[in-house]
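Enquirer: Just need the structure, nothing else, for what follows:
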Amino acid sequence: MVRKRTIPSNTSHYRKQQSSQRRLSLKVTKDGDPPLESQFEDFGVNIKTLRDAPITRARSTTDSQITHIMPPRTLDNLPLELFWLMTEYLDINSLGALRCVSKALKAKTKTAWLCSRVHPLSIHIDPEDGGRMRIRPEKPFLAPRPLPRQYQALLGARQLILETYECIQQSPSASEAAVITLCRILSDNAALQPLALQRLTLCARDPRAQWLGYLDSRLSVRMNPFRFAGPRAKFSAHWAQLTQLIVHMPGALTAEGFLNDLVGWCILPHAPRLEDFRLFCEPRHRHRTPFGYMVGQLAQLNPRPPLKRLEINFHFFRNYRERVIDVLQAYGRTLETVTIMGPYQWAPDIVELVVPLKAACPVLAHLLEHIVDGEPLWRALSGPAELYEERPRDDDGSLEWVRVDGSPEWQEVITHVTPL
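Expert: The predicted model follows:
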């Protein structure tokens with residue numbers, strides 16, 4: 001006997017329910033769990049609440065296990081030390097182009113760019129005095145870029161000596177490059193951190209007895225930067241603490257023109273504490289040095305600095321001798337040490353002409369002369385009296401006049417000394 005399956009009267013409703021259950025049984029949750037609807041539907045459980053809770057926990061656990069994806073390495077997010085290694089061999093033009101890419105790269109390349117602006121000079125820190133710095137030219141294409149610590153030490157220096165060299169070939173580019181490099185340093189730090197220099201020496205002779213070769217002035221010297229008001233204002237912002245200024249005229253006319261403008265326009269009018277001013281020239285260049293400009297500017301300063309020491313070791317011709325007279329009359333009452341060549345080089349009665357200068361500058365004590373065959377090779381006014389004294393020579397024991405402080409710029413032979 002075959003039993004017949006009884007079909008409810010509402011057949012259509014039953015079939016719809018079965019079809020709905022089959023569709024639910026095929027559903028799979030996002031996390032791969034078995035369908036919950038078919039298991040708990042008959043128990044009246046809130047399927048939405050039961051389903052959302054474990055899925056939320058599973059998602060949080062999965063998200064916590066995902067490792068952080070690092071962004072690709074670019075020049076913007078490289079470590080600073082690695083970036084400096086990459087830019088170590090870039091020249092100043094390449095660094096300048098890199099600074100134009102973005103603000104981030106400009107900030108990163110700032111230190112390397114500032115150090116490269118010192119080329120072709122190198123920075124040397126005095127091992128005995130960390131506040132005493134020297135910058136000097138190096139061999140072309142071999143000058144190393146200064147280290148960041150050297151550049152930072154330069155910014156905090158109390159004394160700066162700018163060295164240059166001279167050679168038989170009369171290459172002027174070394175002195176020009178040295179002055180232009182100093183201008184770069186002054187310009188770069190005018191607004192950020194003005195130098196607090198107390199003593200400055202310009203174009204001192206490089207003590208190394210070697211010629212380093214020609215420096216390509218075309219790469220560093222474009223034009224005289226002191227003829228323009230904008231750069232001149234930047235160069236003038238560093239001398240509020242300056243008390244000593246020593247200038248060595250290098251013998252190259254272009255470089256001397258740069259020095260005249262730098263000292264006359266940018267340093268002297270902005271150094272209210274200047275106490276020591278010395279202007280030196282090599283003997284073989286005294287006949288062609290552009291004389292008198294710095295001294296004339298010094299005499300015209302208003303207000304005047306408290307000048308106590310004045311030294312000038314080259315001649316003044318024609319109307320330039322009037323400027324040294326003006327500076328002695330302007331600062332004679334405050335000067336404590338004076339040594340000046342001239343100003344009356346070939347005057348027959350030099351003592352009478354010096355009388356008014358003695359009245360204006362009481363510290364003057366001696367007229368120093370070197371006379372050969374009745375003709376004076378040079379003359380100088382000096383004071384106080386203790387600055388020179390007679391000492392026996394080493395070879396024959398005869399007396400000679402020597403400078404007590406041993407200044408190398410005043411080692412000429414003195415044949416006559418006249419008290420004033």
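
Enquirer: Look up how far residue 341 lies from residue 377.
Expert: Going from residue 377 to residue 341 by C-beta to C-beta, to the nearest Å gives 11 Å. Every residue, glycine included, has its C-beta placed from N, CA and C.

Enquirer: Show me which of these two is the more surrounded one.
Expert: For residue 377 versus residue 341, neighbours defined as other C-beta atoms under 10 Å are more numerous around residue 341 (22 against 14).

Enquirer: what's the distance between residue 301 and residue 268?
Expert: Counting by C-beta to C-beta, the gap from residue 301 to residue 268 is 6 Å.

Enquirer: wait, residue 333
Expert: Plainly put, residue 333 is 19 Å away from residue 268 if you go by C-beta to C-beta.

Enquirer: repeat for residue 149
Expert: 32 Å.

Enquirer: So these two - more neighbours on which side?
Expert: Using other C-beta under 10 Å as the criterion, residue 149 and residue 268 rank with residue 268 on top: 21 against 10.

Enquirer: Straight-line length of stretch 84-102, end to end?
Expert: Terminal residues of stretch 84-102 are spaced 17 Å apart (C-alpha to C-alpha, to the nearest Å).

Enquirer: make that stretch 262-278, sorry
Expert: Criterion C-alpha to C-alpha; first-to-last residue distance in stretch 262-278 is 15 Å.

Enquirer: Same question for stretch 235-243.
Expert: Start-to-end span of stretch 235-243 (C-alpha to C-alpha) is 17 Å.

Enquirer: Could you do stretch 96-110 as well?
Expert: Rule used - C-alpha to C-alpha; the end-to-end distance of stretch 96-110 is 10 Å.

Enquirer: And for stretch 133-146?
Expert: Rule used - C-alpha to C-alpha; the end-to-end distance of stretch 133-146 is 13 Å.

Enquirer: Residues contacting stretch 119-131, please?
Expert: With contacts defined as C-beta atoms under 8 Å, 6 or more residues apart in numbering, stretch 119-131 is touched by 92, 132-138, 140, 143-146, 150-151, 153-154, 156-159, 177-178, 181, 215, 220.

Enquirer: can you list the weak-confidence ranges in the stretch 201-350 of the chain?
Expert: Applying pLDDT under 70 to the stretch 201-350 of the chain flags the ranges 206-223, 283-291, 315-320, 343-350.

Enquirer: This structure: strands as residue ranges?
Expert: All strands of the chain, identified by DSSP state E, fall at 121-125, 132-137, 159-164, 199-205, 244-249, 276-281, 309-312, 337-341, 366-372, 375-383, 388-392, 399-403, 416-419.

Enquirer: by how many degrees do the second one and strand 159-164 diverge?
Expert: Read that as strand 132-137. Computed with axes from the mean of the first three to the mean of the last three C-alpha atoms, to 10 degrees, the direction of strand 132-137 lies at 20 degrees from that of strand 159-164.

Enquirer: what's strand 132-137 packed up against?
Expert: Here strand 132-137 is seen to pack against strand 121-125, helix 148-155, strand 159-164, helix 173-188 when contacts are counted using 3 or more C-beta pairs under 8 Å, 6 or more residues apart in numbering; DSSP states H and E.

Enquirer: I'd like these laid out as a markdown table, including distance to residue 231 and mean pLDDT.
Expert: Converted to a markdown table, the helices and strands packed on strand 132-137 look like this (distance: least, C-beta to C-beta, whole Å; pLDDT from 0 to 100):
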| stretch | distance to residue 231 | mean pLDDT |
| --- | --- | --- |
| strand 121-125 | 19 | 88 |
| helix 148-155 | 19 | 88 |
| strand 159-164 | 18 | 91 |
| helix 173-188 | 6 | 81 |
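
Enquirer: can I get these in CSV with distance to residue 236?
Expert: Shown next, in CSV, are the helices and strands packed on strand 132-137 (distance: least, C-beta to C-beta, whole Å):
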stretch, distance to residue 236
strand 121-125, 22
helix 148-155, 17
strand 159-164, 16
helix 173-188, 9
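
Enquirer: To residue 386, which of these lies closest?
Expert: Closest approach to residue 386 among those is made by strand 159-164 (26.1 Å; C-beta to C-beta).
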